[in-house]
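Colleague: Dropping a prediction and its sequence here:
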Amino acid sequence: MERVFSRGIMMFCGTLLGAAQAPAQETGQAETGAQTSQSATPSDTAVELNRIVVSETLEDPTGPVDGYRAQRSSSGTKLDIPIEELPLSIQVLPRDIIEDSNADRVEDTVLAATGAAVGNTFGAINESFILRGFAADVADNGALSTFGPVRRRDSANVERIEVLSGPAGALFGFGPPGGVINVVTKKPQEGFFAEGRTSASSRVRLRQEFDINTPVSETWNTNARIVGSLEGTDSFRFRQAFDQSFPESRQFVAPSISFEPTDDLSVVFKAQYMRDDVVFDRGVPIDAGGDAVTGIDAFFGDEEFSDFRVRAIIGDLEVGYEINEDWGLSFRGSIDDNKRDGFSLEPEILSPISFPGALLGLPIDVVAGETVLRQLEDRDQGIRRFFGRTDLNGTFRIGPVSHDLLLSVDAQRTRSDSKIAQSGVIDAVSIFEPGTPTPLDASDLGPPLITDTVVETVSFTFFDKISWGERLHILGGGRVDILDQTTESSSAGVIDISTTEFSPRVGLVVRPIDNLPVSAFFSYGQSFEPNTEFSITGAPIEPQIGRTFEGGVRVDFLDGDLGLTVTAFDIALENVPVTTDATFFVGSEQESRGVEVALQGAVTPNFNIVANYTYVDSELSSVDPGGLEPALGEPLAGVPEHAFSVLGSYSFDQGTLDGLTLTAGLRYRGGRLATNSFDVPILGILDAIEFDSFVDIDIGASYVLTEDVELEVGISNLLDQEILRGNTGNIAIPEPGIEGFAALTVRF
C-alpha cells in the first residue's frame, strides 16, 4: 500500500527548495533531483515539484520471508504489528528454515529449529509437541481445533511456522499453557512460477513435490496455486517383518485461488487433501535404563493387522475488506474433516512380571523378562470441525498515544466420534522374535468402547496495544469463551458440561533508550482447557487452569538483520489428569520454570543462523488422592532439563564455489523421563525410566547447476545416535539412525 508521509514530504520539499536557491545556481540549473518546469535563473527561480509518494512495503505476516528472520506475525494478537512491539515470546520459522532443515513434516522443522520436545505421537501418527514443559497445540492458519490433529502435516504447503510460547487462551481459545504452533500455509502469488522436486533417501523413501503458481485473469487480479506431494517409504522399522516394498505411502494436494473484486476487497480460498497409508507403530520395548532391549528396527506388529489409514480434508476461506487506510474487516471460515481407522497389533506391556499389575487393571508397565505382550485393536475415529471468525482491527490516535485495536468474535463446532475395540486375550511373543505373526484375529475383539463428543463454543476477543512513541508499548485484552460440551459414552452414559471462561493477557514492552536496539518485555497470561477424562466418581475432571509469568530482553544486531531474545518464565497448571487405574483419572498440579534463549537472523548476507537454548525445571507438585500415587517433585515425563538446537546455512556467491550452499544442524536433548515413579499396591515402588541425552547432527549441501536446476545431498543423524521418543509405559518410538538423501529441484 502506498502511504504519503506528510512530514517527510514537507522536509524533502524544503530541502529541494533550499537547494534550488543555494549557490549551486552557479551551474545554471538547480541540482534538486526533482523535475523542474523551467530553467532557474539568478533573477527568477520558479520551481514546480512533482508530488512525492513514499512507498513502504511491509512484510506480509502470513506470506513469504526472505531469509531466516521475520519481522511481523499475526499469531501473537491477530494484529499486524512488529514482533518487537509485542510482550510475547514468538519465533517465526520461515520457508528458508523449513527447506534448510530438509523437512517433509512440520515436526522436522520445529524440532530442528526450536527447543521443543516431542509428546505422545499416538503410534507416530499425530504431531505432538512440548513447550516449556507442557503440551503445545497446533493451529492451521490461526484456527485451533478443540481436539487437536489426527495427522502429521506435510511441509510442502507450509509458508512459515510460528511458535508462540506461553498460554494462548486469550488468542486462540482454550488450550494448554505450553503454547501454540501456528502453521501458515502457502497462498497464491502474482506471476507465474513452477517447481518440481524429487528426493530419495537410504531408507528407501521416494518423494515427489510440486508447486505451481499462475495468473488466471487480469479481471479481479485472479491468481491460482497448487502444491502437492507423493511419497512411498520402506520404513527402517519394518525390514525384519515385511518383504513388500513401500508399506507406507502419502498423497497430498493443496489447491488455492485468490482474487480482488475491488481495490479494497480480497478473497483467498485454500483447500487440502491428504491420505496416509501407514503401519500403526507403538515402537520397541525399553529397559529400566531407558535403552531399547532390541534393535531399533524391531517391529512387534503383524503385517495382517497393520493397515492403518489417516485422511484429512480441509477447506479454508479468507475475506479481507479495507474500510479505510486505518481500519479493516476480515472473515475466516474453515471446514476440517479428519479420520483414522484400521487394525493394529500393539506391544502393550513387557514381561510376565507385569501380569499382576495387568490383572489389577494398572497401566504401569514393569520391565523384566524377555516377553512382549501384544493386544489387537480396531479403531474408527473421526474429528469434524466448523469454524468461523470475524475480526475488526484498526489504528487511531489520541494525543501522543496511538492504539492498535482488535475486536473479534468466532464460533466453532467440533464433533469427535470414536469406536475402539480391543482383544480380550493377550498374545505373548519373545523380544528376540519381532514380526512374529499373531494367532489373534477379529473374532477375539471385545465389545467396542464408543464415545461421541460435541463441543460448541462462541468466543469474544478484545486487544488494545497502546503505544507512546517507540519507547513504550502496553498490550491488554483477553478472550471470553462460552462452551457447551456433550459426551455420550457406552461406558459412562451422557455427560454435559457448560462453562464460561475468561482468559486475560497483559504485558508491556519498554525501549529505555532511543536509537538503542534493546527492549525489555513482561507479560502475564492465563489459559484453560476442558478435560474429557473421567474421575472415579464418573464425572469429568474440572477444566485445566493455567497461569504464566514471563519476562525477557530483545536485542537487535547488524541493523536488525540478527536478533537475540532471552526469556524467563514461570508456569503453573491445575487439574491435569493423571492415570489412577485403567479407566479413571485424578487431578494434579504441575509446574515449570526456566529460561529460553533464541538467536535468529543473518550474520552476513551469506550466513544465516537460528539457535535456541532452553532450560526447564518441571515437576509434579501435588496430586489428588485416589488409585496410584505418582512421586511428587520429579520432572514431567518427556521434558528434558536442557535442550539446544542450531541450524545454519552459508551460500557462496562468487568464484568457483558460486551457487554452492552448505547447511548444518545440531540438536541436543538432555536426559528426560519416559515414565515417572509410582507407588503401586502389592508391587510397591516402580522406579522412573529415563532416556539418555543425545546429540543429533545433520549436514547438507546444495548446488545450483543452472539457473533453474538445483542438486541437494545430505546426511541426517550423522553420529548414528539411538534416539527414542516416549510413547506408553516401557514402549518407545525410535527415530531413524544415520541416513543419506539426495534431491533434484527443477524450476520453470
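Modeller: Done, it's in. Numbering: from 1, shown residues only.

Colleague: mind checking the SS state of S443?
Modeller: Under DSSP: H, G, I helix; E, B strand; the rest coil, the three-state class of S443 is helix.

Colleague: How far away from the center of its chain is the strand ranked longest in the chain?
Modeller: Criterion DSSP state E: the longest strand present in the chain is strand 371-398. Remark: strand 371-398 is offset 13 Å from the chain centroid, using CA atoms, centre = their mean, to the nearest Å.

Colleague: If you count neighbours, what's buried in that strand?
Modeller: By neighbour count, with 16 or more other CB atoms under 10 Å as the criterion, the buried positions of strand 371-398 are 371-379, 381-385, 387-389, 391, 393-395. For every residue, glycine as well, the C-beta is placed using N, CA and C.

Colleague: For it, name the packing helices and strands.
Modeller: Packing contacts for strand 371-398, counted by 3 or more CB pairs under 8 Å, 6 or more residues apart in numbering; DSSP states H and E, involve strand 327-350, strand 401-422, strand 427-430.

Colleague: quick one, which of these is packed in tightest?
Modeller: The highest mean neighbour count among the helices and strands packed on strand 371-398, using mean count of other CB atoms under 10 Å, belongs to strand 327-350: a mean of 20.

Colleague: between that one and strand 401-422, how many degrees?
Modeller: Here the directions of strand 327-350 and strand 401-422 differ by 30 degrees (axes from the mean of the first three to the mean of the last three CA atoms, to 10 degrees).

Colleague: Who are the packing partners of strand 327-350?
Modeller: On a contact count with 3+ CB pairs under 8 Å, 6+ apart, strand 327-350 meets strand 143-144, strand 284-285, strand 308-322, strand 371-398, strand 731-734.

Colleague: circling back to that earlier point, just tell me which of the helices and strands packed on strand 371-398 ends up closest to P447.
Modeller: strand 401-422 (7.1 Å; CB to CB).

Colleague: What average pLDDT does the closest one get?
Modeller: Across strand 401-422, pLDDT averages out at 93.

Colleague: Burial check on G469, number of neighbours?
Modeller: Counted with other CB atoms under 10 Å, the neighbours of G469 add up to 11.

Colleague: What distance do you get for it to Q590?
Modeller: Distance, G469 to Q590, by CB to CB, to the nearest Å: 41 Å.

Colleague: next one: V695
Modeller: From V695 across to Q590, the span is 28 Å (CB to CB).

Colleague: returning to what we had before: tabulate the helices and strands packed on strand 327-350 (TSV), appending mean pLDDT and distance to L718.
Modeller: What follows is those, written out as TSV (pLDDT from 0 to 100; distance: least, CB to CB, whole Å):
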stretch	mean pLDDT	distance to L718
strand 143-144	76	36
strand 284-285	86	22
strand 308-322	94	31
strand 371-398	91	31
strand 731-734	88	17
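
Colleague: Turn the ones you listed into TSV, including distance to F300.
Modeller: Formatted as TSV, these follow (distance: least, CB to CB, whole Å):
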stretch	distance to F300
strand 143-144	35
strand 284-285	8
strand 308-322	15
strand 371-398	5
strand 731-734	9
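
Colleague: Tell me which of V695 and Q590 has more neighbours.
Modeller: It is Q590, of V695 and Q590, that has more neighbours when counted by other CB under 10 Å, with 24 against 14.

Colleague: Thanks again, I'm all set now.
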